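Visitor: how does the following fold in three dimensions:
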Amino acid sequence: VAYALAPPLASAAAEKAKAKQRPSQVPIEKYLDVCSSLNKKKYPPIQKGDGKRRKVLSTLIGATGMQNFVASGGPRLKAACWLLYEDPAKLSASNKSKLIERYALLVLYYATNGSSWERSNNWLTGKYVGKWEGVTISRPTMLSLKRHVTKLELPFNGLNKGILPRELSLLKELRELDLRGNDIQGVVPNKLSELKHLKSLDLSMNYIIGRVPTEIGLMKDLTQLNLMANYMEGPIPRRIGELSKLELLDVSFTYMSGSLPQELGKCKALKEVYLNDCDFSGQVPKSLCKLELDELWADCLGPSPEVICDCATVCCRGLPDPKQVGVKKQREGKRKAQGNVK
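Guide: Okay, the predicted model is just below:
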């Protein structure tokens, strides 16, 4: 009996695997002329017989969501219409992973005024994305010949007054995201937590507002989190303690506030923590001090410090009389002096 049942079960499993590989389809009949809202001459309605474009449009809408996609003149629509009508590469929906990654990058381009970037070599060309400025793709291996975007590095590149699009979460194999030193606004999208393989996230020196998403705890591979010099507020989420590989945490020069969570001490790999020039209060958790960090900066200077800390390497004081004192060296000097007395 077991043998008789085996072929149908195997067949069902194979059919399920094939279904996963097929491009997801969503109803698009109402949206065949969606690009015409941008430019009727350049983007005529997709004809019913144009199966290739219809499948591409369906795949892109499925990836980003219908409501977000059709926003009038938005970056998602611009990215999709460029792919549908202008991209010399003419990717089809059968190559879903390449299509989606190309789309995610283009959404970032349009969401941050890509035409005004300081460096944008090969963007909006038919070249594969590994040739685009700031984009690195993986090399094929014995296990997989597929190549995915693993790094996106566009620091100090004039990404002006744009926002971080949630579509960055479609870069499923991304390891490093470096967008520091731009003029990015808005909040950190919760969807970024879907980047399960991300190791380094650097959004420092921007105009980002809002809070650190609580979903940050889902990014288990994260080793560096740099949010320095932004307009972010609120506390460090307790789920930060789920980042067992985190080595660097920098939230300095922000408006973040509240007490520091005990869960920081669960980040056993931490080496550097920068909490200075913020609005934190209370005491630095003893669990964090026990990690014996290489660097721990906090607002612990003066007779009435904002933060009480017995293990800081550098104590700081903010405006109107900013100052930094290397406490670690002072402690080492006292220890040496005590040793000489003995």
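Visitor: excluding sequence neighbours, find me the nearest residue to residue 102.
Guide: Leaving out its chain neighbours, the residue that sits closest to residue 102 by Cβ to Cβ, 6 or more residues apart in numbering is residue 129, at 5.8 Å. No exception for glycine: its C-beta is placed from N, CA and C like everyone else's.
Visitor: mind listing what residue 210 touches?
Guide: 186-188, 232-234 (Cβ atoms under 8 Å, 6 or more residues apart in numbering).
Visitor: sorry, back to before: for the residue nearest to residue 102, the count of nearby residues, please.
Guide: 22 (other Cβ atoms under 10 Å).
Visitor: cool, residue 33 as well?
Guide: Close neighbours of residue 33, defined as other Cβ under 10 Å, add up to 12.
Visitor: the one 3 residues further on now?
Guide: Burial of residue 36 is recorded as 15 neighbouring residues (other Cβ under 10 Å).
Visitor: same thing with the one 10 residues further on?
Guide: Neighbour count for residue 46, taken as other Cβ under 10 Å: 22.
Visitor: doesn't residue 56 make contact with it?
Guide: No: with contacts counted by Cβ atoms under 8 Å, residue 46 stays clear of residue 56, the gap being 9.3 Å.
Visitor: got a list of what residue 42 touches?
Guide: Taking Cβ under 8 Å, 6+ apart as the test, what residue 42 contacts is 85-86.
Visitor: quick revisit: joint contacts of residue 46 and residue 56?
Guide: Shared contacts of residue 46 and residue 56 (Cβ under 8 Å, 6+ apart): residue 84.
Visitor: if we can go back for a sec, name the nearest of the contacts of residue 210 relative to residue 76.
Guide: Comparing these against residue 76 with Cβ to Cβ picks out residue 186 as the nearest, at 14.7 Å.
Visitor: how much space separates that closest one from residue 75?
Guide: 12 Å (Cβ to Cβ, to the nearest Å).
Visitor: also residue 126?
Guide: Residue 126 is 20 Å from residue 75, by Cβ to Cβ.
Visitor: likewise for residue 295?
Guide: The gap separating residue 295 from residue 75 is 38 Å, by Cβ to Cβ.
Visitor: between those two, who's got more neighbours?
Guide: The residue with more neighbours, out of residue 295 and residue 75, is residue 75; 22 against 15, by other Cβ under 10 Å.
Visitor: for the closest residue to residue 192 other than its chain neighbours, what are phi and psi?
Guide: Counting by Cβ to Cβ, 6+ apart, residue 192 lies nearest to residue 169, which is 5.7 Å off, once chain neighbours are set aside. The phi and psi values for residue 169, taken as degrees, to the nearest 10, are phi -70, psi -10.
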